[in-house]
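> structure for the following, please:
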Amino acid sequence: MKFGIALFATFGLVSGADAFSSGVKQSARVASVSLQEKIAEELAIPCEEECALESFPNLPPSVHPGVVTGQAMVDLLNHAKENGYAIPAVNCVSSSGINACLEAARKNDAPIIIQFSSGGSQFYGGKALDNKNYAAAIAGAVSGAFHVRTMAEQYGVPVILHTDHCAKKLLPWVDGLLAASERYYAKHGEPLFSSHMIDLSEEPIEENIEICKEYLTRFAKIGMLLEMELGITGGEEDGVNNEDVALDDLYSKPEEIFQVYDALTPISDMFTVAAAFGNVHGVYSPGNVKLEPKILTRAQAYISEKLGDKSPADKKPVKFVFHGGSGSDVSDIQEAISYGVIKMNIDTDTQWSYWEGIKNFEEKYHDYLQGQIGNPEGPEKPNKKYYDPRECMRAAEVNTVKRLDKCFADLKCVNVLGLGSAKEAENVLGPRRGGLPV
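Numbering: from 1, shown residues only. Next comes the predicted model:
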């Protein structure tokens with residue numbers, strides 16, 4: 001228990017007046033150090049080679065290994081828009097899933113967005129933990145954030161740390177995470193999370209915009225980005241079912257997107273828009289989902305015309321987010337990227353890839369997984385090395401990395417950092433006795 005209190009104090013998350021008082025006292029120290037204050041240094045974890053880099057050969061100098069926030073995050077997203085790629089944003093529910101994402105990012109020499117849903121956050125905290133007032137979901141997301149912050153540096157890749165769909169009823173969840181980021185900011189000069197999504201697409205647009213304005217005002221004070229949703233993403237995900245939504249709601253209008261841009265820009269330019277262009281959560285048979293990416297370019301043209309001389313040179317004033325991308329044609333994905341999409345959410349496909357890795361492992365070693373003792377090699381042969389959970393979980397990670405390779409390629413997000421191929425990992429402890437080659 002004492003260690004837990006000390007750890008949370010170290011990370012600046014002790015609640016109450018003491019934390020804010022401590023943050024004020026440290027303001028001079030915060031001002032005198034780089035915002036890239038590595039967790040590796042704070043926890044005395046070795047940070048060598050790529051982990052120790054201050055920046056990447058092919059990215060703006062502000063972008064560094066580990067979680068990026070504030071201007072570094074903006075610079076990374078601008079680089080994506082300017083160079084015609086989008087960053088995969090993967091929903092994670094475990095440290096194993098996070099590690100697979102980081103492994104895939106380094107393998108593809110690319111940045112990645114790791115995000116948590118409210119349900120995924122609760123699972124990360126533990127389903128036996130009481131979730132009254134979203135306590136388990138808040139604790140789970142914070143715990144996941146620390147894992148990402150610690151390990152992203154070690155993998156040597158830049159990571160945007162994000163939370164996914166937060167409907168109106170879930171706002172207390174994000175409120176808890178925002179409070180955690182404010183306390184973290186008081187100590188470290190940057191927020192715990194990079195960004196949050198506020199999804200009020202089912203509310204009247206005026207209410208959607210007003211609430212987003214309130215959150216963006218608070219976000220802007222600590223360098224956080226807001227992702228907001230317009231229109232509705234069809235299908236079902238994480239308990240939100242839009243399978244019977246009216247078709248008109250699946251397609252955003254240029255006037256609505258401008259209304260958002262016009263309302264939020266005076267507060268901060270740190271926002272993205274998840275506009276609807278036929279997106280549907282989940283995977284469906286070909287022909288059942290009709291994407292209209294040109295909705296995005298029509299919106300960019302409409303807003304650019306409204307801005308006149310103030311329009312950016314690329315005539316893409318809005319950074320768009322692609323929801324419900326699983327199963328989409330690569331041509332639709334890459335067309336959307338050309339219109340200003342800088343992030344695509346991935347959940348359904350990686351859920352399947354993780355399960356498929358376990359399924360294939362079970363099929364391969366089925367006869368060794370029916371009891372602790374006894375297998376085709378003999379009735380007295382032990383099976384411990386087969387049912388060790390590390391084996392099937394690693395198989396799931398390897399399969400997920402393979403699936404994410406395709407995601408990075410589809411999004412043109414390969415060889416972005418300029419580090420080249422990753423070195424073969426050295427297992428300094430030697431092979432685990434009796435372990436399987438997975």
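
> what strand or helix carries the residue most central in space within the chain?
Nearest residue to the geometric centre of the chain (Cα atoms, centre = their mean): residue 114, 2.3 Å. Assigned by DSSP states H and E, residue 114 falls within strand 112-116.

> who touches that strand?
With Cβ atoms under 8 Å, 6 or more residues apart in numbering as the contact definition, strand 112-116 has outside contacts at 87-93, 98, 101-102, 104-105, 124, 140-141, 144, 148, 152, 157-164, 197, 343, 345. C-beta: built from backbone N, CA, C; applies to glycine.

> and residue 104, how many neighbours does it have?
Residue 104 is flanked by 25 other residues according to other Cβ atoms under 10 Å.

> now it: which helix or strand?
Residue 104 belongs to helix 95-107 when assigned by DSSP H and E.

> how about that helix: buried residues?
96, 97, 98, 99, 100, 101, 102, 103, 104, 105, 106, 107 (16 or more other Cβ atoms under 10 Å).

> residue contacts, the nearest residue to residue 208 once chain neighbours are set aside?
Spatial nearest neighbour of residue 208, excluding adjacent residues (Cβ to Cβ, 6 or more residues apart in numbering): residue 200 at 4.0 Å. Residues in contact with residue 200 (Cβ under 8 Å, 6+ apart) are 167, 168, 207, 208, 211, 212, 228, 229.

> need the pLDDT of the residue lying closest to the first one once chain neighbours are set aside.
In this case it means residue 167. Among residues not flanking residue 167 along the chain, residue 199 sits closest, at 5.5 Å (Cβ to Cβ, 6+ apart). With respect to pLDDT, residue 199 scores 94.

> how much space between residue 199 and residue 163?
10 Å (Cβ to Cβ, to the nearest Å).

> how about residue 57?
To residue 163, residue 57 is 31 Å away according to Cβ to Cβ.

> quick one on the thing from earlier: tell me which of residue 199 and residue 163 has more neighbours.
residue 163 (28 against 23).

> I'd say the more buried one and residue 193 touch.
Yes: between residue 163 and residue 193 a contact is recorded at 6.7 Å, counting by Cβ atoms under 8 Å.

> what touches both of the two?
Residues touching both residue 163 and residue 193 (Cβ under 8 Å, 6+ apart) are residue 177.

> could you dump the contacts of residue 200 to TSV with distance to residue 427?
What follows is the contacts of residue 200, written out as TSV (distance: Cβ to Cβ, whole Å):
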residue	distance to residue 427
167	44
168	48
207	54
208	50
211	50
212	47
228	44
229	44
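
> which of these are buried, as a ChimeraX select command?
To isolate the buried members of the contacts of residue 200 in ChimeraX, using 16+ other Cβ under 10 Å:
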select :167,208,211,212,228,229
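
> closest to residue 435 out of the contacts of residue 200?
Distances from residue 435 to the contacts of residue 200, taken as Cβ to Cβ, are shortest for residue 167 (43.6 Å).

> local confidence estimate at that closest one?
94.

> which SS class is residue 379?
strand (DSSP: H, G, I helix; E, B strand; the rest coil).

> name the nearest residue to it, ignoring sequence neighbours.
Per Cβ to Cβ, 6+ apart, closest to residue 379 is residue 373, 7.5 Å.

> name the element residue 210 belongs to?
Residue-wise, residue 210 maps onto helix 205-220 under DSSP H and E.
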